[in-house]
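> Have a look at this prediction, sequence included:
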Amino acid sequence: MVRPFFISWKNEFEAILDDMPLIDRANRWFQLDGCPAHYTLLVRQWLHNHFSGRWIGRGRDCPRPWPPRSPDLTTMDFYVWGRMKSKVNAEPVNDEASLRARILQAAQEIPLAECRAAAQSVIRRCQLCIENDGGHFEQFLK
């Protein structure tokens with residue numbers, strides 16, 4: 001059974017890819033996060049078809065395995081998702097429409113200055129990651 005959410009996500013993502021120049025699509029990599037739903041057979045087959053050999057995830061059939069306990073280096077991982085999740089999940093969500101509305105509202109409420117500061121911290125985070133041989137470094141950020 002194909003879940004409706006996967007169909008919705010797949011259709012939206014393919015629409016984004018359709019608007020992307022072919023040269024960019026051919027060189028694009030796809031990286032999954034740790035969400036169990038992202039590792040279903042259906043999703044992995046889709047990734048193999050659209051990003052053959054160019055996706056990062058987990059599982060035996062993954063072309064590039066996600067390193068275990070890897071540090072968060074992207075602004076989305078170490079800042080945006082946590083900030084948005086706390087706002088979106090402050091109260092129970094009743095339906096998909098209200099969830100989408102909350103996600104959009106949470107994204108719009110993040111101050112631009114905070115986004116800039118988080119983006120500028122990426123270089124320091126990468127330096128600390130290298131200094132710690134790819135291990136956790138968050139304790140050294142202060």
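Good, I have the coordinates.

> Now do the helices in the chain.
4-18, 22-27, 41-50, 75, 81-88, 96-109, 112-120, 122-131 (DSSP state H).

> most tightly surrounded among the ones you listed?
helix 75 (a mean of 18; mean count of other CB atoms under 10 Å). Bear in mind the C-beta positions are built from the backbone N, C-alpha and C, glycine included.

> Distance to residue 141 and mean pLDDT added to the helices of the chain, as a markdown table?
As requested, the helices of the chain are arranged in a markdown table below (distance: least, CB to CB, whole Å; pLDDT from 0 to 100):
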| stretch | distance to residue 141 | mean pLDDT |
| --- | --- | --- |
| helix 4-18 | 33 | 64 |
| helix 22-27 | 32 | 79 |
| helix 41-50 | 33 | 84 |
| helix 75 | 14 | 80 |
| helix 81-88 | 14 | 89 |
| helix 96-109 | 24 | 91 |
| helix 112-120 | 12 | 88 |
| helix 122-131 | 7 | 86 |
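
> Can you check which of those helices gets nearest to residue 142?
Nearest to residue 142, of all the helices of the chain, is helix 122-131, at 11.2 Å by CB to CB.

> so how far is stretch 92-111 off the chain centroid?
When distances are taken as CA atoms, centre = their mean, to the nearest Å, stretch 92-111 is centred 17 Å away from the chain's centroid.

> Kindly report the same for stretch 12-23.
With CA atoms, centre = their mean as the basis, stretch 12-23 stands 17 Å off its chain's centre.

> Return the alpha-carbon coordinates of that stretch using PDB.
The C-alpha trace of stretch 12-23 is given here as PDB (Å, rounded to 0.1, in the frame of the first residue of the first chain):
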ATOM      1  CA  GLU A  12       5.900  18.000  -4.400                       C
ATOM      2  CA  PHE A  13       9.500  17.000  -4.600                       C
ATOM      3  CA  GLU A  14       9.300  15.900  -8.200                       C
ATOM      4  CA  ALA A  15       7.800  19.300  -9.000                       C
ATOM      5  CA  ILE A  16      10.800  21.000  -7.500                       C
ATOM      6  CA  LEU A  17      13.100  18.800  -9.500                       C
ATOM      7  CA  ASP A  18      11.300  19.600 -12.700                       C
ATOM      8  CA  ASP A  19      12.000  23.300 -12.200                       C
ATOM      9  CA  MET A  20      15.700  22.600 -11.700                       C
ATOM     10  CA  PRO A  21      18.100  22.800 -14.600                       C
ATOM     11  CA  LEU A  22      19.200  19.300 -15.800                       C
ATOM     12  CA  ILE A  23      22.900  20.000 -15.100                       C
END
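
> Having no further points to raise, I will conclude here.
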